[in-house]
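Novice: Can you look at this prediction? I've put the sequence above it.
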Amino acid sequence: MSTAVKGWQFDGGRWSETESLPLTDRALRYGMSVFETIGVRGGQPLLVARHLALLEENVRALLSPAQGEGNCFSALPLPELAADSTGVLRVYVTAGDGGPADTVQAPRVFALFEPLPGNLPDWQTARLHPEPVTPFARGAKTGNYWMQCAAQSAARSAGFDHALLHDQDGRLLSAAMGNVFFVQNGALCTPSTSLALRPGIMRAWVMAEQSVGEVEVAADRLKDAGEIFLTNSRLGVMPLRFGAVEPGPIGCALRDRCRREKIIP
């Protein structure tokens with residue numbers, strides 16, 4: 001593990017520092033884990049209650065019954081962070097030991113803190129991933145993240161910051177590493193959760209601040225969008241340049257508000 005990353009395991013009602021995951025854990029063997037990425041600014045985790053509620057929802061949906069100590073994940077205490085910590089804290093709940101079809105009896109809980117260097121850019125670039133994807137586990141953040149990583153890696157290799165994803169029917173889903181919003185015919189829209197995509201915490205924040213339509217739309221229509229931006233807990237709101245589509249006023253205003261109100265690292 002990089003010296004810049006700090007890790008903990010939650011056991012016996014407390015966090016203790018660790019640098020490894022047991023080789024017998026099904027998170028390593030089969031990718032059986034769920035996680036949440038929580039922004040941290042000045043040592044303070046952000047939007048904690050919302051993140052932990054979503055973590056518990058995904059634990060119960062995918063790892064249930066997840067018996068054992070600490071199975072009330074919405075009330076999970078977080079590890080203590082240094083006062084100058086700014087970055088992201090990822091909290092993982094794994095399936096623990098066992099075979100691929102065994103009931104989860106003793107989940108493990110890990111946390112990783114990753115500092116984020118420097119200031120975020122005002123906008124980034126994106127392209128549409130050329131291959132369709134099939135959402136897994138209704139978009140929950142799981143250890144099965146290879147699909148998103150592969151799409152993001154391909155975008156980076158092609159000179160872009162982000163990949164935007166579509167399904168087998170050509171419908172826009174999300175960004176590889178976040179949710180996506182766009183302006184269509186003057187209205188702010190985002191792909192509907194009926195498409196089995198992740199209901200991200202920053203997605204919910206934007207929808208509480210703006211009038212947003214949840215739609216099913218062909219990804220190739222993005223070329224005609226008025227503006228496009230993505231959301232996640234690392235970047236907050238990030239305006240995107242997509243082909244001839246330039247960063248626009250809604251995304252830029254929301255980005256600036258995130259920074260002013262310290263909603264992102």
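Specialist: Received it, and whenever you're ready, just let me know what you need.
Novice: in the stretch 101-250 of the chain, which spans are helices?
Specialist: 146-157, 201-209, 249-260 (DSSP state H, counting those that start in this stretch).
Novice: Same list, those helices, but as TSV with mean neighbour count, mean pLDDT and distance to Gly13 please.
Specialist: Just so you know, the C-beta spots here come from the backbone N, C-alpha and C atoms, and that holds for glycine as well. Converted to TSV, these look like this (neighbours: other CB atoms under 10 Å; pLDDT from 0 to 100; distance: least, CB to CB, whole Å):
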stretch	mean neighbour count	mean pLDDT	distance to Gly13
helix 146-157	16	95	33
helix 201-209	19	96	26
helix 249-260	17	96	34
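Novice: how about those, which one is nearest Asp11?
Specialist: helix 201-209 (26.4 Å; CB to CB).
Novice: so what does that closest one touch, helix or strand wise?
Specialist: If contacts are counted by 3 or more CB pairs under 8 Å, 6 or more residues apart in numbering; DSSP states H and E, helix 201-209 sits against helix 48-62, strand 179-184, strand 187-191, strand 228-232, strand 236-241, helix 249-260.
Novice: which residues touch that helix?
Specialist: 47, 50-51, 54, 178-179, 181, 190, 212, 231-233, 236-237, 254, 257, 263-264 (CB atoms under 8 Å, 6 or more residues apart in numbering).
Novice: pLDDT weak spots in the stretch 101-250 of the chain?
Specialist: Judged against pLDDT under 70, the stretch 101-250 of the chain has no low-scoring part.
Novice: how much space is there between the residue lying closest to Gly43 once chain neighbours are set aside and Gly118?
Specialist: The shortest distance from Gly43 to any non-neighbouring residue, by CB to CB, 6 or more residues apart in numbering, is to Ala83 (4.2 Å). Going from Ala83 to Gly118 by CB to CB, to the nearest Å gives 19 Å.
Novice: can I assume Trp15 is in contact with Phe110?
Specialist: No: contact status for Trp15 versus Phe110: not in contact, 9.6 Å apart, counting by CB atoms under 8 Å.
Novice: Those two - which one has more neighbours?
Specialist: Phe110 (22 against 19; other CB atoms under 10 Å).
Novice: Okay, and the beta partners of that one?
Specialist: Gln9, Tyr92 (DSSP bridges).
Novice: correct me, but it touches Pro79?
Specialist: No: the criterion here is CB under 8 Å, and Phe110 misses it with Pro79 at 10.0 Å.
Novice: Next, show the common contact partners of the two.
Specialist: With CB under 8 Å, 6+ apart, Phe110 and Pro79 have common neighbours Trp8.
Novice: Centre of the chain to stretch 211-228, how far?
Specialist: 20 Å (CA atoms, centre = their mean, to the nearest Å).
Novice: Now do that stretch: everything it contacts.
Specialist: 126, 128, 164, 166, 170-173, 180-184, 186-195, 206, 239-240, 242-251.
Novice: Which positions within that stretch qualify as buried?
Specialist: 215, 217, 219, 222, 225-228 (16 or more other CB atoms under 10 Å).
Novice: Nothing else from me, thank you.
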